[in-house]
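Chemist: Dropping a prediction and its sequence here:
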Amino acid sequence: MRTEADSASAPQGAPDDALAQATILVIEDEPGMRNFLERMLASKCRGIRLAANTAEASALIAETAFDLVILDNLMEGQRGVDWLREQRPQGFFPPAILMTAYADLETAIQALQAGASDFLLKPFRANQLLNTINRCLEGERLRRENLILQQELRNNVDLGRLRNELIGTSPAIERVRQVIARVAPAPSSVLITGASGSGKEVAARMIHTLSERAQMPFVAVNCAAIPHDMLEDELFGHIKGAFPGADRNREGLFTSARGGTLFLDEIAGLPVALQAKLLRAIDDRRIRPLGSERETTVDLRLIFAANTDLDRAVAEGRLRADLLYRINVLHIHMPALKERGADMFDLAAMFMDSLSRNLAMPKIPITPEVRATMATYDWPGNVRELRNAIERALILGRFTPLTATVGNNDGQTLAEIERRAILGAVAAFDGDREAAAARLGISRKTIDRRLADWNA
């Protein structure tokens with residue numbers, strides 16, 4: 001079985017893959033050149049739109065998110081470089097290739113100052129055009145990938161802990177897998193709930209991996225970890241001059257995730273004032289960068305997560321009711337580790353293998369006694385706490401005692417605690433009821449009687 005610890009969902013692929021996923025806008029007033037570019041690119045990219053002048057181009061970018069713009073410089077009505085210079089301050093972020101028949105230094109300088117990513121001299125051959133396009137798209141991919149990695153570092157994300165599959169065979173996790181398999185191909189938003197450390201981001205990444213957007217970025221944002229006064233800029237970006245210190249255009253994470261998946265964790269941590277802008281982004285897939293005069297479209301999937309009671313957050317005024325109704329289209333609840341039975345032993349073994357390699361330390365045996373202790377512990381920190389326990393054991397060279405189940409039972413009855421302890425101990429000793437009874441300090445007959453009552 002492929003483990004959950006192998007890779008993150010950063011955008012991958014060769015330049016040709018980037019071109020195949022790109023939506024391109026061509027601005028060219030000469031019909032012959034416009035048709036040539038369409039024939040050259042239509043079969044190689046995801047989509048292509050044509051504009052005969054800058055007025056048509058402005059209308060198109062108001063309704064479509066483009067990954068690349070190819071524009072002529074000398075056109076009737078307005079030069080391409082002047083149009084580009086106007087668009088950048090309005091929140092227009094995609095790379096642009098300027099075509100011109102006049103290769104003078106002044107034009108090249110103007111193009112770079114206006115925000116052009118590359119310069120193409122007419123006449124050009126098809127391979128020159130494709131090489132220039134691939135160079136621009138690859139540079140954009142690397143820039144976005146770097147931004148996403150910086151975001152994960154700011155969120156203190158350990159990529160080694162992020163996994164693409166859910167480990168375990170318990171009924172609880174099998175139900176989660178079944179729901180994920182059904183929702184992944186759909187474009188709808190998903191809400192994932194569960195206690196901290198239960199694997200909400202793992203589930204979100206699995207949805208992304210199984211979707212048609214798998215080759216595009218997966219961007220994770222912990223809304224509670226970013227200062228409130230920075231959240232709007234982080235999500236929606238800004239244009240140069242939007243506020244003191246904004247010395248350049250900066251796209252937000254909504255734009256960085258275009259084509260892929262944006263995962264907003266701890267959604268109840270968003271300021272109420274920002275929730276209205278998020279609601280519009282969900283409904284219309286349109287955002288307005290700070291300081292921008294217009295909205296821009298974004299093509300992405302949204303996945304939300306929370307470890308708190310969202311109905312209570314609505315009642316307390318921390319979460320807009322209309323936002324909750326909008327994000328709760330498809331709901332997945334992640335079970336706590338103590339509800340996953342013998343899954344914890346599979347997870348412990350997986351963590352022991354991966355962490356012993358990472359730390360270059362010998363494995364510590366997970367004995368039946370250790371397994372029995374694990375089975376009777378509450379694991380309030382869930383999978384994250386289990387991983388920490390394994391790492392601590394490797395560093396110390398032994399397992400340290402875990403506090404037994406006392407008073408942290410989330411409203412469980414005594415009968416439920418007894419059932420979990422007995423079933424866990426029997427599983428830990430691979431069905432040896434005598435050993436389980438000795439470990440729990442009860443008689444073998446008690447275990448036999450309880451298992452018969454439970455049909456276990």
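Modeler: That came through, no problem. Numbering: from 1, shown residues only.
Chemist: next SSE after the biggest helix by length in the chain?
Modeler: What stands out as the longest helix in the chain, according to DSSP state H, is helix 126-154. Sequence-wise, the next helix or strand downstream of helix 126-154 (DSSP states H and E) is helix 171-183.
Chemist: buried ones in that following helix?
Modeler: By neighbour count with 16 or more other CB atoms under 10 Å, helix 171-183 contains the buried residues 172-173, 176, 179-180, 183. From N, CA and C alone the C-beta is placed, and that goes for glycine too.
Chemist: For that helix, which helices and strands make contact with it?
Modeler: Packed against helix 171-183 by the contact rule (3 or more CB pairs under 8 Å, 6 or more residues apart in numbering; DSSP states H and E) you find helix 200-209, strand 330-333.
Chemist: chain center to the helix or strand just after the first one, what's the gap?
Modeler: Past helix 200-209, further along toward the C-terminus, the next helix or strand under DSSP H and E is strand 218-222. With CA atoms, centre = their mean, to the nearest Å as the basis, the distance from the averaged C-alpha position of strand 218-222 to the chain average is 4 Å.
Chemist: the inter-axis angle of strand 218-222 versus helix 200-209?
Modeler: 160 degrees (axes from the mean of the first three to the mean of the last three CA atoms, to 10 degrees).
Chemist: Kindly export strand 218-222 (C-alpha atoms) in PDB.
Modeler: What follows is strand 218-222, C-alpha atoms only, in PDB (Å, rounded to 0.1, in the frame of the first residue of the first chain):
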ATOM      1  CA  PHE A 218      -3.100  22.500  -4.000                       C
ATOM      2  CA  VAL A 219      -2.900  25.500  -1.700                       C
ATOM      3  CA  ALA A 220      -3.600  25.200   2.000                       C
ATOM      4  CA  VAL A 221      -4.400  28.200   4.200                       C
ATOM      5  CA  ASN A 222      -4.800  28.000   8.000                       C
END
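Chemist: before we move on, back to that, pick out whichever of the buried residues of helix 171-183 sits closest to S117.
Modeler: The closest of those to S117 turns out to be V183 (CB to CB; 36.9 Å).
Chemist: you'd agree that closest one is up against L210?
Modeler: No - with contact defined as CB atoms under 8 Å, V183 and L210 do not form a contacting pair (9.0 Å).
Chemist: would you turn the buried residues of helix 171-183 into a markdown table with pLDDT and distance to N358?
Modeler: Listed next are these as a markdown table, based on pLDDT from 0 to 100; distance: CB to CB, whole Å:
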| residue | pLDDT | distance to N358 |
| --- | --- | --- |
| A172 | 89 | 28 |
| I173 | 91 | 24 |
| V176 | 93 | 27 |
| V179 | 93 | 32 |
| I180 | 92 | 27 |
| V183 | 93 | 32 |
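Chemist: Farthest pair within these?
Modeler: Taking CB to CB, no two of the buried residues of helix 171-183 sit farther apart than A172 and V183, at 17.2 Å.
Chemist: count of residues packed around the closest residue to R288 other than its chain neighbours?
Modeler: Of all residues not flanking R288 in the chain, E295 sits nearest, at 4.7 Å (CB to CB, 6 or more residues apart in numbering). By other CB atoms under 10 Å, the residues close to E295 number 17.
Chemist: Could you list which residues are in contact with E295?
Modeler: With contact taken as CB atoms under 8 Å, 6 or more residues apart in numbering, E295 is in contact with 62, 286-288.
Chemist: Quick one: mean pLDDT over stretch 234-243.
Modeler: Averaging pLDDT along stretch 234-243 gives 86.
Chemist: Span of that stretch from start to end?
Modeler: 14 Å (CA to CA, to the nearest Å).
Chemist: What residues sit buried inside it?
Modeler: 234-239, 242.
Chemist: Let me have the residues you listed in TSV, extended by distance to A281 and secondary structure.
Modeler: Output for the buried residues of stretch 234-243, formatted as TSV (distance: CB to CB, whole Å; DSSP: H, G, I helix; E, B strand; the rest coil):
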residue	distance to A281	secondary structure
E234	13	helix
L235	8	helix
F236	8	helix
G237	12	strand
H238	16	strand
I239	17	coil
A242	18	coil
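Chemist: nearest to D17, of those?
Modeler: Lowest distance from D17 to those (CB to CB) belongs to G237, with 25.4 Å.
Chemist: Report pLDDT for R154.
Modeler: 60.
Chemist: where do the strands sit along the stretch 201-350 of the chain?
Modeler: Counting by DSSP state E, counting those that start in this stretch, residue ranges of the strands within the stretch 201-350 of the chain are 218-222, 237-238, 250-251, 261-265, 286-287, 296-297, 301-306, 330-333.
Chemist: With distance to D229 as new columns, can those be given to me in a markdown table?
Modeler: Output for these, formatted as a markdown table (distance: least, CB to CB, whole Å):
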| stretch | distance to D229 |
| --- | --- |
| strand 218-222 | 16 |
| strand 237-238 | 13 |
| strand 250-251 | 15 |
| strand 261-265 | 18 |
| strand 286-287 | 18 |
| strand 296-297 | 23 |
| strand 301-306 | 22 |
| strand 330-333 | 31 |
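Chemist: For G317, find the nearest of those.
Modeler: strand 301-306 (15.9 Å).
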